[in-house]
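Asks: My questions are about this predicted structure, shown below with the sequence.
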Amino acid sequence: MSGWWAQTITVGYEQARGLRAPGQRRGGGFEASASRTVAAPALRLFEAFADETARARWLPDVEVRVRTATAPRSFRADWAGGPTRIVVGIDAVGESKARVNVVHEKLTGAEQAAELKAYWRDRLAALKVLLETDGDDR
C-alpha cells in the first residue's frame, strides 16, 4: 500500500475514534480547503489572486500580505494580519480552463475551519462567476 493510502486510512481511523477532528492536521492545528474549476486560463486565474485591484472585485474587504507568488501556479499570503495564511495552487486544465485550490492554514479549531471552508466555497463561486461572465477581471 502506498504512503498516501496508508495516511488516508490512518486519518480515517483517527477521525472514527475521535482522536482527530475533520480538518485537523497531524500537529494538532486545523485547516480549511476549497477548490473550483474555472473556464479561464491559468494566468488569468492567478492574476485574480495576485493583482490587488482584481482581488478586491471578488474578495472585498480582506487584507492580505503576499509571501510568495509564482505565476501562474501558486500564491501564498498572510491573511488579514495573521496568524493564518492562505496557500493557493492553480493547475491548467487545457488552454482555457484551470482549477484553483485554496488551503487556509493555521486555524484555531474545527469551528473556524468549518466557517472558512464555507467562506472559500462562496468566494471561489464568486470568482468563477466574475471570470466567466466578465470580459475583464480588473
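Replies: Sure thing, it's come through.

Asks: Tell me the buried residues in the biggest helix by length in the chain?
Replies: Taking DSSP state H as the criterion, the chain has its longest helix at helix 110-133. Of all the residues in helix 110-133, those buried under the rule 16 or more other CB atoms under 10 Å are 112-114, 116-117, 120-121, 123-124, 127-128, 130-131. Yep, even glycine has a C-beta here, placed from its N, CA and C like the rest.

Asks: Tabulate those in JSON lines, adding columns for distance to Val66 and pLDDT.
Replies: Conversion of the buried residues of helix 110-133 to JSON lines gives the following (distance: CB to CB, whole Å; pLDDT from 0 to 100):
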{"residue": "Gln112", "distance to Val66": "22", "pLDDT": "93"}
{"residue": "Ala113", "distance to Val66": "23", "pLDDT": "93"}
{"residue": "Ala114", "distance to Val66": "26", "pLDDT": "93"}
{"residue": "Leu116", "distance to Val66": "19", "pLDDT": "95"}
{"residue": "Lys117", "distance to Val66": "23", "pLDDT": "95"}
{"residue": "Trp120", "distance to Val66": "18", "pLDDT": "98"}
{"residue": "Arg121", "distance to Val66": "23", "pLDDT": "98"}
{"residue": "Arg123", "distance to Val66": "17", "pLDDT": "98"}
{"residue": "Leu124", "distance to Val66": "19", "pLDDT": "98"}
{"residue": "Leu127", "distance to Val66": "17", "pLDDT": "97"}
{"residue": "Lys128", "distance to Val66": "22", "pLDDT": "97"}
{"residue": "Leu130", "distance to Val66": "20", "pLDDT": "96"}
{"residue": "Leu131", "distance to Val66": "20", "pLDDT": "96"}
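
Asks: Next, the residues that contact the helix or strand bottoming out on mean pLDDT in the chain from outside, please.
Replies: For the chain, counting by mean pLDDT, DSSP states H and E, helix 3-16 ranks last in confidence among helices and strands (a mean of 86). Under the criterion CB atoms under 8 Å, 6 or more residues apart in numbering, residues Met1, Leu19, Arg20, Ala21, Pro22 lie in contact with helix 3-16.

Asks: again with stretch 79-87
Replies: For stretch 79-87, the external contacting residues (CB under 8 Å, 6+ apart) are 62-65, 67, 74-78, 102-107.
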